[in-house]
Structure formats: C-alpha cells, structure tokens
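Undergrad: compute the structure for the input listed below.
(2 chains)
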Amino acid sequence: MVPPPSEPTSIQQKFIDALDRLVDQVKQDRSVLAALLCGSLSHDTVWSKSDIDLVLVTVDDRLVGESDLSVNADGVNVHAILVPRAEFRKMVEGSVRHSFTHSFLTKGRLLYTHDPTISTLCATLADIGRRDQQVQLLRAATHVLPALYKAHKWFVTRADLDYTALWILYAATPLAQVEVIGAGLLADREVIPQAMRVNPALFQTIYVDLLNAPKSAAAVQAALDAVDGYLAARATTLFGPILDHLREIGEARSCRDLEHHFRRNFDVTGVTTACEYLADQGLIGKASAPARLTKKSNVEVQELAFFALDPA
Amino acid sequence: MKTGRRKAAPRTTIAVQGARVHNLRNISLEIPRDRLIVVTGLSGSGKSSLAFDTIYAEGQRRYMESLSSFARRFVTQITKPDVDFVFGLSPVISIEQKTLTSNPRSTVGTMTDIASYLNLLYATIGQPHCPRTGEATPSRSSSQILEAILSLPEGAEIELHAPVFKLYGEDLDVVFTDVRKKGCRWLIVNGQPLDISAEIDLDESAVQTMDAVVDRFVVSRKHEKAIKAGIASTLLVGDGLMRLHVVKGVSKAEAARFYQGLCSATHHFVYGDIGPEYFMFNNPESACRTCGGLGVDKLTHPELLIPDPQRSIMGGCFVREAFKYNPDTWDGLMMYSLSVAQGFPLDAPWRDLPEPARQAILYGIDPKKIRMLTPPDARVRRDEHEGREVSFHGIARRIERHYRRYRQQGEANSRMEAWLEKVMVERTCPDCSGARVRATRLLFTVAGQSIYELGQLHFDELHAFLGSLKPTGRGADAGRQVLKEIRGRLELLLGIGLDYLSFNRRASTLSGGESQRIRLSTQIGSGLMGMLYVLDEPSIGLHPKDNVKMIATLESLRDIGNTVIVVEHDEDTIRAADHIVEMGPGPGVHGGTVVVQGLIGDLLKCKGSPTGQFFSGRRSILTPAKRRTGNGKTLVIRGARENNLKSIDVTVPLGLMVAITGASGSGKSTLVSEILYKVLWKHLVDTRTLPGAHDRVDGLEHVHKVVNIDQSPIGRNSRSNPATYVGFYDSIRDLFTQSPLAVERDYKPGRFSFNVKGGRCEECQGEGVITTQLYFMPDVEVTCGACKGARFNAETLEVTLRGKTIDDVLNMSVEEGVAFFAGEPVVRRKIQVLADLGLGYLTLGQSATTLSGGEAQRIKIATELSTLQRSRHTIYILDEPTTGLHLADIERLLESLNRIVDAGHTVLLIEHHLDVIKVADHVIDLGPEGGHAGGEVVVTGTPEAVAACRASYTGRFLKAHLRPGAARTA
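TA: From the prediction side, this is the model:
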C-alpha cells in the first residue's frame, strides 16, 4: 500500500526553521568559519525521515580536527560534518569532478562565511574540467562492462529473463553516470532520474520498461541491444585514454602493465575489462606476454595483453 | 659518630672459574680489569671459547636477565655458558669481524652515525639555493614565514605556491594526479595558469617550471591559523620549498620589501622548516624517487641476457626468464616478424647475427613498425592480425619496464626482482646520479659542497675541509657544535687507518676488518667507561703501517677506563698488551688450557708456549733459500681501472706463489677478486659473470681452473661436516654397507645418512639433539632421548665396521681416523690431508657451524689437495688466508700451499702478513697509499726486490723479516 503523502511544504519549512536557528547559533562560534548546507534540503525535497547535512568549515587548529556530530536542532537531526579550512580546501580542489564528494559539495549552498576565500573556493566547484570529465567517463564506462557481460551471459546461457534484467539494472547506474557526465552535467548520487531527463529513450528501454513491464525476451533483448549500441557508439570517446595510450606506445602491453599505468597516471583501476571490451569491438588487438603465476612459479604462462590496431 | 660500614675496595680483576665451554678444560683464571688483554693461541686452542663464548656470553646473559620479561620477548635469548662463575664483569660489548649488513641502505655514514650529524650540519648551516636560478634562497621556520606574511598590510591578498617537478621517466599525468590528490587544482606552468581538471594540451618537453597553487589568503591576524595551515600544506606539496606571490592590496615598494626580506630575489622562493630528516636518504620523503634512496638503478646487460652466444634464438640463447622462442606465442610471432623485417635467421648463433639485428632484438626498432607474420611452424594462427603493423621495443626494454614497475609498486625486495637481478646490472641512478636524495636536497651547500659531495670526500680530505669551515650567520653556534662532533668522530676513524674511506661508501662493500674498526671508533666516540670490550683480531686487513694506529686506538679505549680483551695473533698487538693469556698448547682436544699468562716477558720465557717460541726466535717461519721460477707462462691484466685502480697493467707469473700486497684500500681485492677472478670465472665457468673495468687479460689459455678459497663456512647447518665436505663420507658409508650385517639386511648407503629417512633417528631427525623453544628463556637443546645423541636408529647402530658404529666413526678425531682407515687408501688419503693441515683434532662428523673461518678454509684446501690434477693448471685465490691463524698454523698453511705450487699450480694470495709475503715467490705491491692515492703498481718481483724498493711501505717492513740464505721450512 502506498503511504499517504505527507505535507512536504510544512516539513520543508520545519527543517528550514530548525536550520536557521542552528546557523544563527553556530555563527557565534569563533572556531567555525563557514557553514555549507548539503544534501536534500539544499537542492531537493525533504521528507519526515530526512536529516540535514551541514558542512561546517572550522579554523585550522591542532585542537580542532575533522569529525562528525549528530546535532538535535528543534527535533531535526542535523548531521554536522566538521572540516578544518585547509582540509576543506583540499576537498574542494582535490576531489575529481563528478565524484561523490564533489557532487555533494557542489549541490550545496554556502549559508555564511567569515572567510571570503571560502566563498571563492565554493564558487569554483561548478567548474567541470575536461580531463576530470574524461577520467570519470572512463571510470563509469568501465563499471558498466562487468554487469553487461553478466547480463549477456544469463540471457544466452540460461535465457533467464529476470536475472538478465537485474544485471542490466545493475549497469543502469554507471550508464546513467556516463550519460549525465557526457552531457556536461554534474552527476548526482541519484543519477538515474537525471539521466532519464537527458536520454529518456535509452532509460525507458533499459530501466523503466525492465522494471515496470513483464519481462519478455524481446524487451530484454531490446535492452541489451540498447546498451550495446550505446556503448559501441561512444567507445572511442569513453575509452579514449586507453586507445590513446596503446596508440602512443605502439607495442603490446600486458594487463598488469596497463593497470599499473592507469592507476599511476589517472587513479583509475579495472582497465583490463575495458581492454577486453575494446578488443571484442575490434578497436584494439589481443596479444599475450610471458608471465609467472606466483613469485615461486617455475613455469611460464601467457598473460593477456593488448595492442593498438593500425589499419592492415 | 660515624656508623657507616667500611666501603669494599673495587674489584680489580675478572675471575673465571670452571670454564668448560667447547674444548676448555674446566679452567680458572684471573685477568686484570681496565687493561688491554690479549688472548692468543693456535687456531682451535680455545681463545674464542674463553673470550667470546665464556666471558662475553656470560656478561651478555646477565645483562639480559636484568631486563623485564616483556623486554626479553624482543631479544634472542642467550644460553648460559658452561662455566661455574665469572666475577668482576662489566657491561660487555663485542666487536666482531663481520660485515655488519648487506642492506644497500647502510653506508659508512649511517654505520658511524656521522650521516645524522652531516644531516644536522646541512639543516643548520647549509646555504640553500633556488632550484631555477641557483641564487641564494633563505630557509626559515614556518613561524617566521607566517610572521613575515602577517607583516603585510591588513587586507592584502597573497597566494602560496609550491614548486613541483617532473618525475624522471614519467608522464606529466603522474605529477598531475599526485598534485590533485594533495588538493591542488591549479598549476602555474611556465608562468601560465593551468587547470589540471581541464583538458591539458602541453608539450611535455617544453615544460620548464611548474608551481601548484595551494592556497590564497586575505592577510589578517584573524586568519593567522589558516595562513599557518596553508604554509604547512604548501611546504608539504612543495617538499620543503614554497613560493610567495602577493596578489593585490600592497604597493610595489612594499611587495619588494616583503620579497627581499623573506624570499629569493627572482622567483620569491623560501625553504621552510628544514630539519635533518630533509637530507636523510633513508627517509622516503627525501629519497630519490627513482632509486628510492639506493643511489643505483638497474639496467639489463646483453651478456647476462645471452649467456651462450653460440646458441641461436630458436636454440635458446636467451636466459629462460627473458625470452623463449615459441612460434605459438605472441613473443614468437613478434620475433619471427622481426627476423623477416630485419633479415636475420632465427636459427643462426647469436654471435653471428649482424649488430643492427641484435640491437633491434634487444632495444627495439622504434619508431619503425614490424609487419606481423605468423611463423610457418605455428600451430596457432592469428590471421586476423596478419599483415598489421605494430611497434617492438625490444626484450631488454621489457625487462627494464618490469623492473621499474616492481620498484614503483614498492616490491623492490620481491623474489621477482631476484630473477630480474640475474639479467640486470647496477648502474648509477640516472635521476640522482648516485646522490640517493632528491635534487632539492643538493641545492643546500656548505662552503660550496652539497651533502653528497661531502660524503664522497675521503676522511682525510673531509677532515681538512671541515677544519677550514668558519660558520657564520644563521645556525652558526649550533653548526660549530655539530662540526666539532663530526671532526671528533672523523679523527677517531683517521686514527685507525680508515682515511681512505668516505661516508657514501656502501657498508656491504667493507671488509670484515673495516667494519670492525668502524664499530670500534663508534665505541670510542661513545665515551663510555667501565665497559668490557671483546674484540676479534682487529689487526686483520691492516697493513703494518696502519697497525700502529690500531694499537693506539685500543690503548685509548683502555685509557678512558675500559677493559679491552682482544683475541689476536699479531705480534705488535701482543707486545703492546698489558696482560697476555695464551691458550693451548695445541688445537682442539690438545688445547683448552692456559699455557701461560702474564707479561710479554713471561710469554717469551715459557718453553711450552708456541707463541713464545716464535716471538723469542726459538722457532720461525724461514725465508726460502731459493725462489721458484714458475712455468714461464703469465697472465697479464691490462688497463685495470675498477674503483681506484689507475688503468694499470699487472703481470701474474704462473706456477708460483704470488702475493698481492699494499696498504689497506690500495686496490688489492679489486684487482684480484673483482677483475682477475671474475675474468677467469667468466672464461672458465659462467659467461654471465661481469668483471670489473679493465681492457683485457692475456694468457687465459694457460689456466684450466680457478678456485677461490675463502673463510666462509663449509655449510650452513649442522648436517655439513668435514667428512661430507671433503667427500670421504660416501666411501665410509660404502664400507659400512659391505659389513656382513648390512649385507644380510640389504642396507644401502642411504641407511647411513642422517639426512634421509631410513637409518637416521626420526625422533631428532638425525640432529642428535632436540631444540625446545621457550617463551621468556633461551631455546633449550637436549640430547635426543631416543638415540642418545647418536643421530641414527638402533638398527643402524647395530652395524659395525671393525667394532665401530657409524656414530663412533663420526665422533673419531681426524688423527684417530687416519689410523682406523689405514687399510682403506681412498679414505685414508683424504683424512690424512686434513691431518697434514693441522686439523687432526677435529672430529670427522664435526658440525660445520662449530668450525672457525680458518678451519673452514683449511678444510677447503684439503679438499683441493685431495683432488689435485697436475695436467690442469689451476689458480687458487686466497684473500687474507692468515685470518685467525697463529704463526704455527700459518706454518702449516704455507706447507699445504707450497704443496699446491709444487704440483705446478699457482697460488695467489692477498696478504699483509709479512711471514707469508716473505715466503712468496713473487710479490705485486700496490699503492703507495689507500683510496685516491693508491691503485698503482709500486713494485713487483721477489720479496727481496720489494724490500729493496724505497717507495714501497711493504718493502720497508719486509726488509726486517727477510733472512737470506735460510732453508724453506714452510
């Protein structure tokens, strides 16, 4: 049974009033430089079980460290996240765009600050750089692949429509991140609703239809085709850094080499899956390199490797 | 009224009662405290058993007992020595002859702790420089920087920048990711702002300067803590260096004044909070990022990759780990494609391949590409790639890439690197050029010298350099104190003849004697008094000219109020002692008693003292009446230039006993062990050996075998013994299998082995003892209850050979063995050699772990002597074989070496002992000094010729030892 709708406006107002009173109090605290309202209340609708996420930027002092505190503000639970200014600056500047931290802060609202440099910092949060976008696209696209492979497997080997659909739904979140980030928007934690606005047709097929309609082979096949087609059409962009790297080095590189490179250079892991996908798509070639299974192994095996394909 | 008890007089002696360790025969003796005491005697006579295994062990054990049971958990427990009591012990320190560590991070500087003082010196009086212009740059504390910033007008805006640098061999992306993780999004690259979250379009080679924008502030007292935290963050990102940029709110003149007072002139840099750890290469934050503070990197070497150039690629010319041709693998496909592209055959010997082909195989063909072709003999076809073009970077490059990956992943000590080591050689780190620290550390100078340059100076040069320093300005007072401390310690090192060493020298390259002397100097430097020091042959490795300094050092250790017990054979040291204890009279079972103790006069008078006999002249190693002339053939080392060798040519005549002499550090070991031995080993045994730098060696065809006889143990566990090492144990086992009972029971030789199941006691697994590990107490070894220490089971022990069981035979002394096996020529001949070398007191099954270095060396010589082949000319190399040997032992050693030479072979000795040098047929004297001032051939020829050479220190000392016309006794 669907619960009766509450009165959002009155709840919202209750939260706002509680927050205002708390902020008035906190403003008097000389160890707090700024308050940043994050979470639902800053950009979304609250309900009765919501809490208020409040980032409080504190002074840099060895006695004032990073900590969390649950504050009771007129019966409203306020999750106060205390961050010294230097750490806050690192969070703002250092968090890769579209990451959870970045999204959390960017959707926030600066309530007040005693330090003008904090407002300057917050103002930069909305700038989304191309390199960050590329890295996050690679990361998100790489996360799509394992779920997609599983979906195909369950469809082909067992014809299990429910389980195939579930795997497609698992892939929906990273796919939504790809869509939102690719559109130059800020990816939220609840990214699917965002993506549905950007690409309703795709998410109708791979998300809404799979959830709402009875699962027929045709619908599941259509969802799989939609995801495959979506990725294939964007593969050279999404996995651009891998293609660029392989093209630049020219020769075959083992998976361990590739993982090592992308971890050091971009802080991205799991590129082997992406390489396998690219090889399946005929965008790169598969090779092998000698390797040993353990440090004590006395036999050699062939490790999977990849190389850039030049026109034959 | 005085009621206190009378204070007892302090004890003036150390009394040992009822010592029975090893071969000591329940001895009791008293030795004076606060004196220099020498314990001497033949090898195996019980010197070390008394000094180390009784006095030192008991002192150490009692100290350990005084610790809490909690503290004792962290230290190895020491078993109580078999002695009734030792009175008058002090805290005891042993200084043994061990190369302390093989850790590549350990240097002479870290061993002596002087590295820490040097770090402190640079942190206090080091003059920093700008990384971009080299101009003088101030170094301040973060508080000083904060105060300077706060002195700007309120409301001014300031930006804190941290310089970042490209990483050797890495893409800029690695730097960007690293900087980003540290919380910076903006860089100033070549003066232009760059958002590193945005698309980066940079020509990496054009990047000259990079500064990370760490923070920006409005100057105000109320932001003091934020600014302070900002400075700390900036120094963290900038690795101790930061740049200040006044953005606005300040007039030009004010800004100029601000920069002038705080920063470098051009780029406004300032170093902050520089402490000693900033210069420490063992600190990961300071260590060179490429080599991790080791100063060396690794590179593949073709000779290691291709041990057998006569083989082809298909025939397996590469070491297995590097490349194995298989047409079905990707590597095989690439190699085949390369061979087609470059036009070389895969089945031709490596040495016959043209040089461009070899280069292509090892180092690739970049930027060209290879057209992929499936080998005709491939079972796996890759038709989809046929005809495509790919790059090939070479086999050597791939190994180097793997090596870098392991290093970057912090797996430098993994077993994987062990195989990489097989095919790689060390080279100076291309990033830090051997300095071990990051480049910014070398921007600090003291009188124009960086910390690395200072560490390269030999101690004598460094002492003079530091003496000329007159610290002024910042940190001058502290600097003067540090300088005094360093110079004091240097003087101690100079005082024991180590003037040729430098602080950057790796500890693992030091000889045992050098390590011991360094530890000795550290102890003197500690200034402790009332201690008991026990030293093992400190004269080893010292040229007679340096020995005087060594003795003076021992005396100074005594004079500051310590008791110094030295196990020693050196005559000068014995004569300098306040009290002498001679153990003996013979080795092993023939020793273990005190022959004489007292002053040198008592020793000389004692007829039963072997030492007294030699020192009084009643007995001596005589100079041979006639020198051998050799077989007329020679080995000629040309252009030897490894380490300090000055591109010298050295001729080694063959068929002679040749002594290589010279001052400590003159290049003897480099010439013989690093060049000649390795050249011979490479030529005769393993082509992958890499000798030290030289042009060539002529005459290699005259040598058929090379043997290095060192003092390393003959085995690492109790299962190795003289019988197994020399190789007559197999024959003994065969004899046992021929006994009637063994034949009846069909016992095979394995039945009489304590290494395998069958005949051995399974309770103790052939060890004879069972070790029990206790928590707070030392491990306890108890004789096995099943075999009663016999190591074999009852059935095996029922088999006898002329009334003796296998256990009885293993417990026989060598002397008894000669008699027992008189009728078995093969066994007797081999045991006889041991007896001839003065090892008659050892038991045939004596555990390798209980043998001294000298004994191990003589067992090796015995093994060689028992297998001498006249037809195959062999060179025997011995590095200081007299270590641990008494003159009487040396007499026997020389006798056995002469037997080798008389059989037509060559013996090459690195030696300082004048009694050995005078017996040699030919002497090659290097020097004249150690280190930079060495590495030349001073003189070569007979000992008489060397003695006649005024330029030779060896000659000067040798002169007194030569007595022409005497008969050969050794």
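
Undergrad: in terms of pLDDT, where does the residue in the stretch 501-650 of chain B that chain A sits nearest to sit?
TA: Residue nearest to chain A within the stretch 501-650 of chain B: B:Ser508 (23.7 Å; CB to the nearest CB). No exception for glycine: its C-beta is placed from N, CA and C like everyone else's. pLDDT recorded at B:Ser508 is 82.

Undergrad: and if you look at B:Gly410?
TA: B:Gly410 carries a pLDDT value of 69.

Undergrad: count of residues packed around residue 25?
TA: I'll assume chain A. Residues near A:Gln25, counting by other CB atoms under 10 Å in any protein chain shown, number 12.

Undergrad: sorry, I should have been clearer: chain B.
TA: Residues lying near B:Arg25 (other CB under 10 Å) number 12.

Undergrad: quick check: the residue of the stretch 501-650 of chain B closest to chain A is in a helix.
TA: Yes. Per DSSP: H, G, I helix; E, B strand; the rest coil, B:Ser508 lies within a helix segment.

Undergrad: first vs last residue of stretch B:378-392, how far apart are they?
TA: End-to-end distance of stretch B:378-392 (CA to CA, to the nearest Å): 20 Å.

Undergrad: just stretch B:235-250 next, same as before
TA: Between the opening and closing residues of stretch B:235-250 lies a distance of 24 Å (CA to CA).

Undergrad: per-residue pLDDT, residue 295?
TA: Chain wasn't specified; assuming chain A. pLDDT, read off for A:Lys295, is 70.

Undergrad: chain B, not that one
TA: The model's pLDDT for B:Gly295 equals 92.

Undergrad: quick check: mean pLDDT of stretch B:170-188?
TA: On average, stretch B:170-188 scores 92.

Undergrad: over to stretch A:82-100?
TA: Averaged across stretch A:82-100, pLDDT comes to 86.

Undergrad: wait, does it contact chain B?
TA: Yes. Remark: stretch A:82-100 sits within contact range of chain B at A:84-86, A:89-91, A:93-94, A:96-97, by CB under 8 Å from any CB of the partner chain.

Undergrad: quick one: end-to-end distance for that stretch.
TA: Start and end residues of stretch A:82-100 are separated by 18 Å (CA to CA).

Undergrad: for B:Gly785, which non-adjacent residue is closest in space?
TA: Closest residue to B:Gly785 apart from its sequence neighbours, by CB to CB, 6 or more residues apart in numbering or on different chains: B:Glu763 at 7.1 Å.

Undergrad: cool, A:Ala235 as well?
TA: Leaving out its chain neighbours, the residue that sits closest to A:Ala235 by CB to CB, 6+ apart is A:Gln281, at 5.8 Å.

Undergrad: next one: B:Val596
TA: Spatial nearest neighbour of B:Val596, chain neighbours left out: B:Cys606 (4.1 Å); criterion: CB to CB, 6+ apart.

Undergrad: same thing with B:Ala115?
TA: Of all residues beyond its chain neighbours, the one nearest B:Ala115 is B:Gly109 (3.2 Å), with distances taken as CB to CB, 6+ apart.

Undergrad: coming back round to it: of the residues of stretch A:82-100 next to chain B, closest to chain B?
TA: A:Lys90 (2.8 Å).

Undergrad: quick check, that closest one in a helix?
TA: Yes. Residue state for A:Lys90 (three-state DSSP) corresponds to a helix.

Undergrad: list the residues that contact the nearest residue to it once chain neighbours are set aside.
TA: In this structure, A:Lys90 finds its nearest non-sequential neighbour in B:Gly183, 2.8 Å apart by CB to CB, 6+ apart. Neighbouring residues of B:Gly183 by CB atoms under 8 Å, 6 or more residues apart in numbering or on different chains: A:89-91, A:93-94, B:214, B:233, B:237.

Undergrad: out of those residues, grab the one that's most surrounded.
TA: Of all those, the highest neighbour tally under other CB under 10 Å goes to B:Val214, namely 29 neighbours.

Undergrad: need the three-state assignment for that residue.
TA: Here B:Val214 is recorded as strand under three-state DSSP.

Undergrad: tell me the helices and strands packed up against the lengthiest helix in chain A.
TA: Ranked by residue count, the top helix of chain A under DSSP state H comes out as helix A:130-153. Where contact means 3 or more CB pairs under 8 Å, 6 or more residues apart in numbering or on different chains; DSSP states H and E, helix A:130-153 is packed against helix A:161-182, helix A:217-238, helix A:240-249, helix A:271-280.

Undergrad: go again with 6 Å.
TA: Here helix A:130-153 is seen to pack against helix A:161-182, helix A:217-238, helix A:271-280 when contacts are counted using 3 or more CB pairs under 6 Å, 6 or more residues apart in numbering or on different chains; DSSP states H and E.

Undergrad: so what's B:Arg719 up against?
TA: B:Asn755 (CB atoms under 6 Å, 6 or more residues apart in numbering or on different chains).

Undergrad: phi, psi for it please.
TA: Main-chain dihedrals, B:Arg719, degrees, to the nearest 10: phi -80, psi -20.

Undergrad: next one: the helix or strand of chain A with the lowest mean pLDDT to chain centre, how far?
TA: The weakest-scoring helix or strand in chain A, judged by mean pLDDT, DSSP states H and E, is helix A:40-43 (a mean of 84). Chain-centre distance of helix A:40-43: 19 Å, with CA atoms, centre = their mean, to the nearest Å.

Undergrad: hang on, the earlier thing: most widely separated two among the contacts of B:Gly183?
TA: Greatest spatial distance in the contacts of B:Gly183: A:Met91 and B:Val237, 15.3 Å, computed using CB to CB.

Undergrad: any weak-confidence spans in chain B?
TA: B:1-6, B:75-77, B:97-101, B:410-418, B:773-780, B:963-970 (pLDDT under 70).

Undergrad: around chain B, pick out the residues from the stretch 151-300 of chain A.
TA: Within the stretch 151-300 of chain A, the residues that sit near chain B (CB under 6 Å from any CB of the partner chain) are A:250-251, A:260, A:264-265, A:267, A:285, A:287-288, A:295.

Undergrad: quick one, phi/psi of B:Thr737?
TA: phi -70, psi -20.

Undergrad: can you check A:Ser254 too?
TA: Torsion angles at A:Ser254 (phi, psi; degrees, to the nearest 10) stand at phi -70, psi 160.

Undergrad: in the stretch 201-312 of chain A, which residue sits closest to chain B?
TA: Closest point on the stretch 201-312 of chain A to chain B, by CB to the nearest CB, is A:Gly250, at 2.7 Å.

Undergrad: please name the nearest non-neighbouring residue to that residue.
TA: Distances taken as CB to CB, 6+ apart place B:Ser391 nearest to A:Gly250, at 2.7 Å, with adjacent residues excluded.

Undergrad: tally of neighbours for that neighbour?
TA: Using other CB under 10 Å, B:Ser391 has 21 neighbouring residues.

Undergrad: give the contact list for it.
TA: Contacts of B:Ser391 were listed using CB under 6 Å, 6+ apart, and they are A:250-251, B:369.

Undergrad: cutoff 7 Å now
TA: Counting by CB atoms under 7 Å, 6 or more residues apart in numbering or on different chains, B:Ser391 touches A:249-251, B:366, B:369.

Undergrad: and what of B:Leu654?
TA: Counted by CB under 7 Å, 6+ apart, B:Leu654 has contacts B:630-631, B:633-635, B:702, B:873, B:906.

Undergrad: any of the residues you listed buried? List them.
TA: Neighbour counting over the contacts of B:Leu654 (16 or more other CB atoms under 10 Å in any protein chain shown) leaves B:630, B:635, B:702, B:873, B:906 as the buried ones.

Undergrad: just put those residues in a markdown table and tack on secondary structure.
TA: Formatted as a markdown table, the buried ones among the contacts of B:Leu654 follow (three-state DSSP):
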| residue | secondary structure |
| --- | --- |
| B:Gly630 | coil |
| B:Leu635 | strand |
| B:His702 | helix |
| B:His873 | coil |
| B:Thr906 | strand |
